[in-house]
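1. any chance you could fold what I've pasted below:
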Amino acid sequence: MTSDNAQELLLEYGNEIVLIVDLATQSIRAANGAATHRLGYAQNELLDQPITDIDHAFVETLRLANNRQGRALNTHNAEVPFLCASGERLLVSRSIVQPATHSDLLVVSAIPVDCLRRAEKTSASIGAQLEAILKASADGILLLDENGAITSMNRQFLRVWQIPEEPRLPADSTAVFELLVSRMRNADAYRQRMTEIRYDSDEDTHDLLTLNDGRFIECRSRPVTLDRRFAGRVFFFTDISQNAASDSHLKLTANVFSHANEGIVITNSTGKIIDVNATFSRITGYTREEAIGQNPRILKSGQHDDDFYQAMWHSLTARGYWQGEVWNRHKSGRIYAQRLSITAIRDADTAGAPLHYVAFTSDVTESKMQQQQLERMAHYDALTGIPTRVL
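-> Residues are numbered from 1 along each chain as shown. So this is what the prediction gives:
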């Protein structure tokens, strides 16, 4: 398609009224589709009709133009009424231009004011929504236009980067980014990274920034498009230092849980096992998969009566913990002795019923056997087995 054909299509199907007027006779030479549609005239009715029949302020405009002492005729945003074929008046924002290549003609273009008002209202609504989003967002937001210039930033952006005073917009984008880079632990690497991020690219980016003060900033960006046309890029900055610290703490806790020399078992409030560590499996013979969902009663050896367990739970209820020695049964059926401590875990904000129970256990069978052997040696003759005077 040639540029001439494209211009013809724009004139014919655009929303703007366009009339070509003979400067000498003030008659209409040509009119586009929007003119016939908006004004209600057929094409042949408009041709050769005096423009003053439609635009009563036209003569006054020409008079003002003549007083400009030879300056080009070009009046913008003059709101005037156009007379429609129905007799109604259509308020338009009208512009008149005298082309340099056709000094005998005038180009009259007009946009109905109601369309402009709707566009302004829509634009204002979108602007208000954008401002509300910028204020409410927990992320620091930086908006750039298609040339990489900063067009907007929110308060959270200033808080994340600890910038004491909001820069005047449009701010010097290079200076702002240099300020951000100067606070990074590896400034040169991010300068190189910024050269790789093309503002007109449709690529989303994701980077983790480490600052000189030890904080971690997650940086994400994505392109902004309007009517499928690239219009800029938006950057999101999130301070994830607390998350990073929490992750590190969780990893440390998990390592302690996994590598502890004591068996650890965690139950819910009803006593159902929800997790155990490797040492628990080694002591009891039950794998983690076999233990989860079971009740610790699977270890019951039958060596203790009901009063023993009632006293245990009374201590847990009254004091929140219990500790002592218990004889339990290995998965293989072998009886073993263990030192056991149980703690009730309650909600930190309330003093309600326990949410979980955590038990720490260690196998003391060998030491118990040694203790029994020492007691036997102290009370019975080693050769005859006859009780001694001490017994």
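2. only C-alpha atoms from now on, for both contacts and neighbour counts.
-> Noted.
3. centroid-nearest residue for the chain?
-> Residue closest to the average C-alpha location in the chain (CA atoms, centre = their mean): D139, at 7.1 Å.
4. quick one: average pLDDT of the helix or strand harbouring F308?
-> Secondary structure from DSSP states H and E places F308 in helix 306-319. Across helix 306-319, the average pLDDT comes to 89.
5. and the next helix or strand after that helix, what's buried?
-> With elements assigned by DSSP H and E, the helix or strand that comes after helix 306-319 is strand 321-329. Going by neighbour count (16 or more other CA atoms under 10 Å), the buried part of strand 321-329 is Y321, W322, Q323, V326, W327, N328, R329.
6. same check, this time on stretch 38-57
-> Quick answer for stretch 38-57 (16+ other CA under 10 Å): R38, L39, G40, L46, L47, Q49, P50, I51, I54, D55, A57.
7. show me the contact partners of that stretch.
-> 17, 21, 25-31, 35-36, 58-59, 80-86, 90 (CA atoms under 8 Å, 6 or more residues apart in numbering).
8. span of it from start to end?
-> 18 Å (CA to CA, to the nearest Å).
9. now stretch 38-46
-> 12 Å.
10. ok, now stretch 280-291?
-> 10 Å.
11. what mean pLDDT does it get?
-> Stretch 280-291 comes out at a mean pLDDT of 92.
12. so how far is that stretch from its chain's centroid?
-> 42 Å (CA atoms, centre = their mean, to the nearest Å).
13. from the buried residues of strand 321-329, which is closest to I197?
-> Y321 (57.8 Å; CA to CA).
14. for that closest one, name its beta-bridge partners.
-> T343 (DSSP bridges).
15. and it, what does it touch?
-> Y321 neighbours (CA under 8 Å, 6+ apart): S315, S341, I342, T343, A344.
16. run the last query once more with 7 Å
-> S315, I342, T343, A344 (CA atoms under 7 Å, 6 or more residues apart in numbering).
17. so where's the stretch 1-150 of the chain uncertain?
-> Residue ranges of the stretch 1-150 of the chain with pLDDT under 70: 1-14, 64-77, 116, 119-136.
18. again, only this time at 50
-> 1-7, 10, 69-72 (pLDDT under 50).
19. all helices of it, in order?
-> 3-13, 33-39, 43-46, 58-66, 113-136 (DSSP state H, counting those that start in this stretch).
20. quick one: the strands in the stretch 51-200 of the chain, in order.
-> Counting by DSSP state E, counting those that start in this stretch, the stretch 51-200 of the chain has strands at residues 74-83, 89-97, 105-112, 140-145, 150-153.
21. can you select the buried ones among the contacts of stretch 38-57 for me in PyMOL?
-> Burial among the contacts of stretch 38-57 is assessed by 16+ other CA under 10 Å; the matching PyMOL selection reads:
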select buried, resi 17+21+26+27+28+29+30+31+35+36+58+80+81+82+83+84+85+90
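22. ok, of the contacts of Y321, which come out buried?
-> Here, 16+ other CA under 10 Å leaves I342, T343, A344 buried among the contacts of Y321.
23. format those as TSV; extra columns: distance to T253 and pLDDT.
-> Shown next, in TSV, are the buried ones among the contacts of Y321 (distance: CA to CA, whole Å; pLDDT from 0 to 100):
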residue	distance to T253	pLDDT
I342	19	90
T343	17	89
A344	18	88
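24. right, I'll leave it there.
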